[in-house]
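*Asks:* coordinates only, no sequence provided:
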């Protein structure tokens, strides 16, 4: 990915706190974290658009919860 | 499709006995998928037909010849990931013919304890051309295509700020290569019923050195 563009992102203090916390935990810069989040969002949206369902599963109880994305 | 390859390398063409320039391309293009159909698949089909004619345990014979990936649909996969931000694809060429292919998903999270939850690049598909496999030809043309593609995945991981961390599920015949040659951590067989391996930052550094 060589063609890069810059944007200004306006976040609330609490949103920025989450970005900083996650970036720190994952060892990523804030830019890389946002890029990861975008990939995940696109991946889930694509699946839902295809009519698929996305679930998260509790490793112990095996209970499944459907992941919803605002449309 | 970029007009220039991502990188070029020199490798020994063991059939011709001379150094040949190989180029690494990103992403996989139509011509690479076409090479699979026109050059790779006929070789795989020939071996599969022989195996069928010989009878016996087909799965074992397929594994013995290292062609468990013969059915992989590279063209369909390349089409499916177009426009997706979480997939990257790579091809290695020599003399205008595809020598290796790899698809990587940049949306994985590490399982190995020292890097648990950290992002990593997941190699979903990696294969070398049939004439580069010692199980199919007396002298494999190029040795090191898999290593070259693995290094590309590590570089991608570094580029994405994943510190070189990569993960993959190995076909049975490749398990020892990933574990013993590449130095990846064997995390056992998971729900995919395949063995899962991860490379840590330190292992990636050691591999590249």
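*Replies:* Received the coordinates, thanks. Just so it is clear, the structure is predicted and the values come from calculations on it, not from any experiment. Numbers count the residues shown, from 1 in each chain, chains lettered A, B, ... in the order given.
*Asks:* all strands for chain B, in order.
*Replies:* Taking DSSP state E, the strands of chain B run over residues B:7-13, B:18-25, B:87-94, B:97-109, B:119-128, B:166-170, B:185-189, B:195-199.
*Asks:* neighbours around residue 50, how many?
*Replies:* Picking chain A for this. When counting by other CB atoms under 10 Å in any protein chain shown, one arrives at 7 neighbours for residue A:50. C-beta: built from backbone N, CA, C; applies to glycine.
*Asks:* my question was about chain B, not that one.
*Replies:* Number of residues near residue B:50 (other CB under 10 Å) recorded here: 11.
*Asks:* same question, residue A:62
*Replies:* Taking other CB under 10 Å as the neighbour definition, residue A:62 ends up with a count of 7.
*Asks:* distance to chain A added to the strands of chain B, as JSON lines?
*Replies:* As requested, those are arranged in JSON lines below (distance: least, CB to the nearest CB, whole Å):
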{"stretch": "strand B:7-13", "distance to chain A": "14"}
{"stretch": "strand B:18-25", "distance to chain A": "14"}
{"stretch": "strand B:87-94", "distance to chain A": "9"}
{"stretch": "strand B:97-109", "distance to chain A": "5"}
{"stretch": "strand B:119-128", "distance to chain A": "6"}
{"stretch": "strand B:166-170", "distance to chain A": "15"}
{"stretch": "strand B:185-189", "distance to chain A": "15"}
{"stretch": "strand B:195-199", "distance to chain A": "15"}
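*Asks:* could you dump these to a markdown table with mean pLDDT?
*Replies:* Below are the strands of chain B laid out as a markdown table (pLDDT from 0 to 100):
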| stretch | mean pLDDT |
| --- | --- |
| strand B:7-13 | 95 |
| strand B:18-25 | 96 |
| strand B:87-94 | 96 |
| strand B:97-109 | 96 |
| strand B:119-128 | 96 |
| strand B:166-170 | 97 |
| strand B:185-189 | 97 |
| strand B:195-199 | 97 |
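*Asks:* out of those, nearest to residue A:34?
*Replies:* strand B:119-128 (12.6 Å; CB to CB).
*Asks:* now do the closest one: distance to the chain's middle.
*Replies:* 7 Å (CA atoms, centre = their mean, to the nearest Å).
*Asks:* what comes into contact with it?
*Replies:* Applying CB atoms under 8 Å, 6 or more residues apart in numbering or on different chains, the external contacts of strand B:119-128 come out as A:26-28, A:36, B:69, B:72, B:74, B:77, B:88, B:99-110, B:142, B:145-146, B:149-150, B:153-154, B:156-157, B:160-162, B:165-168, B:198.
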